Every structure is written in structure tokens, then in C-alpha cells.
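Novice: fold the following.
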Amino acid sequence: MMTAVIAFAAAALIINVVPGLDTFLVLRTSVAQGRRCGLAAALGILTGCAVWGLATAAGLTALLTASHVAYDVVRVCGAAYLVWLGATALWRARKKTGEEVRPEPVVVAGRLAAFRAGVGTNLLNPKAGVFYMSLVPQFMPHGAPVFGTTVLFTAIDVVELAVWYWIVSGAAAALGERLRRPSFRRRLEQVSGAAFIGFAANLLADRP
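Specialist: Numbering: from 1, shown residues only. A predicted model of the protein is given here:
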């Protein structure tokens, strides 16, 4: 069992540090809104991962590959959500940003929005469910309880992601502190908007 745990942890770590939508969301949020908002986005992503892991343990994610309709519904909803995030970012880029300090209620609202974005981008991405469903069985020891082992592997993956996002958010927030110019923030929103729409197009082109 220990060999399987170590092998899974190593494989998951390699996959987790490869840049993707989730890492980009944490990076962008941390630079634009600070580390607390970046960590809020990360917490939303981790929540989504935990849900996908538990769904895999219960056998629910098998529906995504067994039913093209279910997969396509999640895929299209996810793409639509990413387009909305991209359009919102591009709209914000049109506005002039000031240097004034935001009041606390706005900061709190920003954290909630970041958390919702993290949950939404993860749960509405069927690739996240397929990731657990395809990777976990490859490391499942013979005779091991499927539900318990899947939950264990999910916990390992979530912990690794938490550490990775902690590092990413810290580095990105430090960069954001040095680059507080409104012109940079507007450019970041433009790049983010285009990137989210690009992720949406990639998701729409995906097939189970």
C-alpha cells in the first residue's frame, strides 16, 4: 500500500505543477487582487477537487465517460462560465483603475468572488473528474478498498495542490505588489480575459 501511495503522490505532483487553468486562476487573482484573494481562489479549486474525488470514490464520475450527454452538458456549462469570466475581465480592463486602497467590504466581496471562481472553474471542468477516474485506478493496490483508497489519494492530491498554490500565490502577490501601475493592471485583465476565452475554446473542442 505504501508503494502505491508514494507512486501516486509522485505522479500527481508532476501533473499538478504543470501550468493549467487552475494554476492560472490562482496566479492571476493573486497578482491582481492580492494573496488573500488568490488563496480564496485556491480554496475554491481545492473544494472542487475534493468533490470530484468523492464523486469518483462513489462511482459517479463514470457517468461522464459513459454518457456523452452528461459530459457535454458539464463541458458546455464550463466553457460558458469561462467565457463569462473572460468577458468580465475584458470589461474591467476598459475601466481606469485607481491607486486608492479598497475598503474592507469590497475586499471581502473579492475573496468570495475568487472562491466562487475557483469552485466554478473546477467543478464545471469535466476533465477534472476524468483525471481522478483515470489516474486513481492505475495506482489502486490489488484487494484494497476502492472507496477508502480513492479518498486517501484524493486527500494526497488536495494537500499537494494546497502547497503548490500557497507557493504560487505568494510569488504572484509579491510580483503584484511591485507592479501596482494601473496600466499594468489593465493589461493583466486583457491578457486574463483572452486566456479565459482560450481555455473555453479548448474545453469546447474537447471530446470524452
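Novice: which secondary element of the chain has the worst mean pLDDT?
Specialist: helix 62-66 (a mean of 69; mean pLDDT, DSSP states H and E).
Novice: what residues of whichever helix or strand comes after that helix count as buried?
Specialist: Tracing the chain past helix 62-66, the next element assigned as helix or strand by DSSP states H and E is helix 68-93. If you call a residue buried by 16 or more other CB atoms under 10 Å, then helix 68-93 has these buried ones: 70-72, 74-75, 77-79, 81-83, 85-86, 88-90, 92-93. Where you see a C-beta, it was placed from the backbone N, CA and C, and this is true even at glycine.
Novice: got it, and stretch 1-14?
Specialist: Here stretch 1-14 shows 4, 8-9, 12 as buried, counting by 16+ other CB under 10 Å.
Novice: in helices only, show me those residues.
Specialist: Taking DSSP state H, the ones among the buried residues of stretch 1-14 that sit in helices are 4, 8-9, 12.
Novice: so which helix or strand takes in the residue nearest to residue 37 when sequence neighbours are not counted?
Specialist: Nearest residue to residue 37, sequence neighbours excluded (CB to CB, 6 or more residues apart in numbering): residue 114, at 4.4 Å. In this structure, residue 114 sits in helix 104-123 according to DSSP H and E.
Novice: elements contacting the following helix or strand past that helix?
Specialist: Next in sequence after helix 104-123, counting helices and strands by DSSP H and E, comes helix 126-135. Under the contact criterion of 3 or more CB pairs under 8 Å, 6 or more residues apart in numbering; DSSP states H and E, helix 126-135 touches helix 2-16, helix 35-57, helix 62-66, helix 68-93, helix 146-178.
Novice: which stretch of helix or strand covers the most centrally placed residue in the chain?
Specialist: Computing the C-alpha centroid of the chain and ranking residues by CA atoms, centre = their mean puts residue 22 first, at 2.8 Å. In the assignment (DSSP H and E), residue 22 maps to helix 21-33.
Novice: can I get that helix in CSV, CA atoms only?
Specialist: Below are the C-alpha coordinates for helix 21-33, written out as CSV (Å, rounded to 0.1, in the frame of the first residue of the first chain):
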residue,chain,number,x,y,z
LEU,A,21,-6.5,26.7,-15.9
ASP,A,22,-6.5,26.3,-12.1
THR,A,23,-2.9,27.5,-11.6
PHE,A,24,-3.6,30.4,-14.0
LEU,A,25,-6.6,31.4,-12.0
VAL,A,26,-4.6,31.5,-8.7
LEU,A,27,-1.7,33.3,-10.4
ARG,A,28,-3.9,36.0,-12.0
THR,A,29,-6.1,36.5,-8.9
SER,A,30,-3.0,36.8,-6.6
VAL,A,31,-1.3,39.4,-8.9
ALA,A,32,-4.5,41.5,-9.4
GLN,A,33,-6.1,41.3,-6.0
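Novice: please report the distance of the residue of the chain positioned farthest from its centre from residue 149.
Specialist: Most distant from the centre of the chain: residue 143, at 32.4 Å, with distances by CA atoms, centre = their mean. Separation of residue 143 from residue 149 (CB to CB, to the nearest Å) stands at 10 Å.
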